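K.L.:
Structure, please.
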Amino acid sequence: MKKFILHILILFVFNSCGIKKSMDHKPDLSGFEQIDTTRIKHSDSLYTLGNNQLYQNDLGVWEMYLEGNALERGVAHGSLGRELIHHQEKAFMSKLEEMVPSEDYRGFLKTFVSWFNRKLYLHVSEEYKQEIYGVSRFGLEKYDDFAPAYIRMLYFHGAHDIGHALQGLMLVGCTSFAAWDEKTRDGELLIGRNFDFYAGDDFGEQKIAAFVAPNKGHRFMMYTWGGMIGALSGMNMQGITVTINAGKSRVPLVAKTPISLLAREILQYAGSIEEAIAIAKKREVFVSESIMIGSGDEKRAVLIEVSPGNFGVYEVENRDQLVCSNHFQSEAYSSDRNNKLTREESHTQYRYDRMQQLLEKEDKLNPLKAVEILRDRQGLDEQSIGMGNEKAINQLLAHHGIVFKPAERKVWVSSNPYQMGEFIHYDLNQVFSDYGQGIKSVSVSTKEFNIPPSSFLQTQEYQDYEAFRVLESKVKGALYSAKSVDEDKARQLVKLNPNFWEAWYLAGRIYYENKHYKSALIHFKQARKREITTIPDLKQVEKMIKKSTRKI
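P.N.:
Down below sits the predicted model:
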């Protein structure tokens with residue numbers, strides 16, 4: 001570790017000029033002064049700027065329409081959605097302050113982030129730098145001391161990559177599938193995915209279904225949040241779908257192309273799977289990622305597997321379904337040590353096997369059945385593994401779930417909470433036709449084809465889980481800060497989520513810190529009997545069993 005830190009410091013010294021270049025960088029702003037930035041507020045749920053608009057539907061999801069060149073789109077996004085951008089910035093920075101409470105450490109983090117991202121601007125296309133610049137004009141000034149608004153917005157687009165790389169684990173455990181031919185009711189391609197990215201409850205509150213008509217490339221939709229121009233889940237008018245799934249990465253030393261911007265480029269410019277592969281090959285990335293590409297017209301899906309030193313494409317043969325759960329499957333990664341470790345020690349193989357079970361149970365998938373699969377909370381063979389277990393397809397923390405029927409240009413997106421709320425239906429042919437007619441005050445969704453919310457939301461079990469999440473966060477914070485925790489909290493944790501290993505583990509930790517070692521041992525052993533998420537987690541439980549035994 002000392003050598004690593006020394007290496008960082010040496011590189012930092014020799015690249016200080018690179019940081020200054022990054023901070024001073026601006027894209028080509030030709031024509032920026034002529035762009036109208038004045039939005040019209042029609043109501044608390046409707047804003048317009050020229051032909052661009054932002055409307056909040058009755059399920060709380062914002063529908064955004066953008067058109068024009070990069071600067072025009074960015075300015076419209078920023079001006080229309082400034083409150084949404086402010087909300088996301090506050091949520092993100094508050095989460096940072098929660099994770100790094102020391103001002104001194106946050107100061108060091110600011111310096112490190114600046115150094116790490118010193119060459120990021122060299123790996124982002126001029127078009128997307130212009131769009132991000134337009135958005136950044138409406139960022140919160142209070143965070144300019146962390147980084148100027150434009151540079152800060154660039155950083156945010158690499159936050160997904162940096163987070164799961166520097167943590168040494170996946171902060172996201174997304175699961176996705178594609179099915180076609182005999183596996184779907186009409187034989188057409190059907191794709192479903194959960195985007196299990198969690199950066200705090202506030203961060204996931206507001207969602208945007210963005211519909212974009214760029215002056216170059218294809219029209220497309222993506223499900224996103226305020227200020228984010230990168231693609232996480234989306235489909236274009238050529239019937240190409242894109243979803244991203246984080247992979248196990250080594251700790252990188254410099255940022256390159258953020259995965260979300262690579263996915264956005266594919267969404268905007270690929271008209272076929274081969275074109276998507278060609279775009280991915282052109283870009284240097286700094287983390288490992290599986291990108292599922294579907295093509296409604298070609299009626300197939302593939303995984304593009306990218307990493308800093310490797311590239312692979314995985315396509316099933318003689319099968320009509322494809323599953324992705326974060327580990328790589330192509331021949332290019334067959335001997336990759338990180339990938340092997342991921343399959344052996346994390347929850348990716350478990351989720352892969354569970355998804356295969358769910359798909360085998362369904363002969364003829366349709367969008368409703370796809371949503372039911374995305375909402376599945378059980379373990380292998382219907383085992384109860386506790387609510388919020390990362391081995392489940394539905395980990396009860398998803399930013400969103402989404403289902404595509406690309407041959408028909410149709411998509412269903414989830415409303416809050418998680419992927420459990422009502423799935424909203426959009427027909428892209430109809431959506432872009434409606435915006436072309438200047439629709440100003442109604443949702444562009446086709447409500448009669450919406451998929452109802454999960455009945456689980458009406459149960460006591462769901463209420464217990466929500467109470468568990470709040471209590472779990474408080475207990476973890478107290479234990480991390482070495483504060484004493486009342487033993488009543490231990491009893492509540494187990495009562496609220498009795499099948500979840502971590503409920504028993506945290507209860508054991510409370511008893512252990514209170515020097516009630518016998519009770520601690522009982523709870524650690526109960527945790528051991530349940531479905532523990534990862535091998536490192538299992539080792540930690542076993543370590544606490546040994547420590548408790550020695551104390552008795």
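K.L.:
mind listing what's buried in the helix ranked longest in the chain?
P.N.:
If you go by DSSP state H, the chain has its longest helix at helix 460-480. Neighbour-count burial for helix 460-480 flags Tyr462, Asp464, Tyr465, Phe468, Arg469, Leu471, Glu472, Val475, Ala478, Leu479 (criterion: 16 or more other CB atoms under 10 Å). In this view, the C-beta of every residue, glycine as well, is placed from N, C-alpha and C.
K.L.:
and if you look at stretch 438-454?
P.N.:
Buried-residue list, stretch 438-454, by 16+ other CB under 10 Å: Ser443, Val444, Ser445, Ile451, Pro453, Ser454.
K.L.:
now swap in stretch 36-47 and tell me
P.N.:
In stretch 36-47, counting by 16+ other CB under 10 Å, buried: Arg39, Tyr47.
K.L.:
Show the end-to-end separation of that stretch, please.
P.N.:
Terminal residues of stretch 36-47 lie 14 Å apart, using CA to CA, to the nearest Å.
K.L.:
for that stretch, the distance to its chain's centre please.
P.N.:
The chain centre lies 29 Å from the centre of stretch 36-47; the measure is CA atoms, centre = their mean, to the nearest Å.
K.L.:
give me the number of residues near Phe456?
P.N.:
15 (other CB atoms under 10 Å).
K.L.:
contacting residues for it?
P.N.:
Listed by CB atoms under 8 Å, 6 or more residues apart in numbering, the contact partners of Phe456 are Arg375, Arg377, Met420, Tyr462.
K.L.:
my guess is the first one contacts Gln395, does it?
P.N.:
Meaning Arg375. No: counting by CB atoms under 8 Å, Arg375 stays clear of Gln395, with 11.0 Å between them.
K.L.:
thinking again about what came up before, Ser433: which of the buried residues of stretch 438-454 is nearest?
P.N.:
Ranked by distance to Ser433 (CB to CB), these are led by Val444 at 9.4 Å.
K.L.:
for the closest one, what are its contacts?
P.N.:
Contacts of Val444 by CB under 8 Å, 6+ apart are Glu63, Tyr65, Phe211, Tyr426, Gln430, Val431, Asp434, Tyr435.
K.L.:
Let me see the confidence value for the second one.
P.N.:
Meaning Tyr65. We have a pLDDT of 98 for Tyr65.
K.L.:
pretty sure it is touching Thr48, no?
P.N.:
No: Tyr65 is beyond contact range of Thr48, at 9.3 Å (criterion: CB under 8 Å).
K.L.:
follow-up on the earlier one: and of the contacts of Phe456, the nearest to Glu89?
P.N.:
Nearest member of these to Glu89, counting by CB to CB, is Met420, at 26.6 Å.
K.L.:
Now do the SS call for that closest one.
P.N.:
coil (DSSP: H, G, I helix; E, B strand; the rest coil).
K.L.:
where in this protein is pLDDT low?
P.N.:
1-24, 99-102, 105-106, 108-109, 112, 160, 163-173, 248-253 (pLDDT under 70).
K.L.:
Let's see that with 50 instead.
P.N.:
The model of the chain has pLDDT under 50 over residues 1-17, 168-171.
K.L.:
Pick out the residue nearest the middle of it.
P.N.:
The centroid of the chain falls nearest to Phe197 when counting by CA atoms, centre = their mean (3.6 Å).
K.L.:
which residues does it bridge with?
P.N.:
Val172 (DSSP bridges).
K.L.:
How about Ile402?
P.N.:
If you apply DSSP bridges, the partners that Ile402 bridges to are Arg193, Val413.
K.L.:
Pull the contacting residues for it.
P.N.:
Gly192, Arg193, Phe195, Tyr223, Ser233, Thr243, Val411, Trp412, Val413, Ser414.
K.L.:
rerun that using 7 Å as the cut-off
P.N.:
Residues in contact with Ile402 (CB atoms under 7 Å, 6 or more residues apart in numbering) are Arg193, Tyr223, Ser233, Val411, Trp412, Val413, Ser414.
K.L.:
my read: Lys256 touches Val306, true?
P.N.:
No: Lys256 is not in contact with Val306 according to CB atoms under 7 Å; the separation is 10.7 Å.
K.L.:
what do the two both touch?
P.N.:
Val285.
K.L.:
So which of these two has more stuff around it?
P.N.:
Val306 (25 against 19).
K.L.:
and Gly226, what element?
P.N.:
Assigned by DSSP states H and E, Gly226 falls within no helix or strand.
K.L.:
Now do the SS call for Tyr426.
P.N.:
Going by three-state DSSP: Tyr426 is strand.
K.L.:
so it makes contact with Phe449?
P.N.:
No: at 9.1 Å, Tyr426 does not count as touching Phe449 under the criterion of CB under 7 Å.
K.L.:
Mind listing the residues bridging to the closest residue to Arg73 other than its chain neighbours?
P.N.:
Leaving aside its sequence neighbours, Arg73 sits nearest to Leu66 (CB to CB, 6 or more residues apart in numbering; 4.6 Å). According to DSSP bridges, the partner residues bridging Leu66 are Val212.
K.L.:
Tell me which other helices or strands the host helix or strand of Leu521 touches.
P.N.:
Per DSSP H and E, Leu521 falls inside helix 517-529. Secondary-structure packing of helix 517-529 (3 or more CB pairs under 7 Å, 6 or more residues apart in numbering; DSSP states H and E): helix 501-513, helix 535-551.
K.L.:
Report the buried residues of it.
P.N.:
Buried, per 16+ other CB under 10 Å, within helix 517-529: Tyr517, Ser519, Ala520, Leu521, Ile522, His523, Phe524, Lys525, Gln526, Ala527, Arg528.
K.L.:
Check stretch 334-341 too.
P.N.:
Neighbour count says stretch 334-341 has Asp336, Asn339 buried, by 16+ other CB under 10 Å.
K.L.:
just stretch 508-516 next, same as before
P.N.:
So stretch 508-516, judged by 16+ other CB under 10 Å, has buried residues Gly508, Arg509, Ile510, Tyr511, Tyr512, Glu513, His516.
K.L.:
List just the nearest of the residues you listed to Asp144.
P.N.:
When the buried residues of stretch 508-516 are compared for distance to Asp144 (CB to CB), Arg509 wins out at 40.3 Å.
K.L.:
if you skip the residues just before and after it, what's nearest to that closest one?
P.N.:
Nearest one to Arg509, counting by CB to CB, 6+ apart, is Leu479 at 5.7 Å.
K.L.:
Contacts only, for that neighbour.
P.N.:
Per CB under 7 Å, 6+ apart, neighbours of Leu479: Val485, Arg509, Glu513.
K.L.:
count of residues packed around Glu83?
P.N.:
Applying other CB under 10 Å, I find that Glu83 has 14 neighbouring residues.
K.L.:
host element of it?
P.N.:
helix 82-99.
K.L.:
hmm, who's touching that helix?
P.N.:
Residues contacting helix 82-99 (CB under 7 Å, 6+ apart): 62, 78, 135, 138-140, 143, 156, 199-200, 202-203, 206, 208, 225-227.
K.L.:
Distance of the residue nearest to the centre of the chain relative to Ala178?
P.N.:
Computed as CB to CB, to the nearest Å, the Phe197 to Ala178 distance reads 20 Å.
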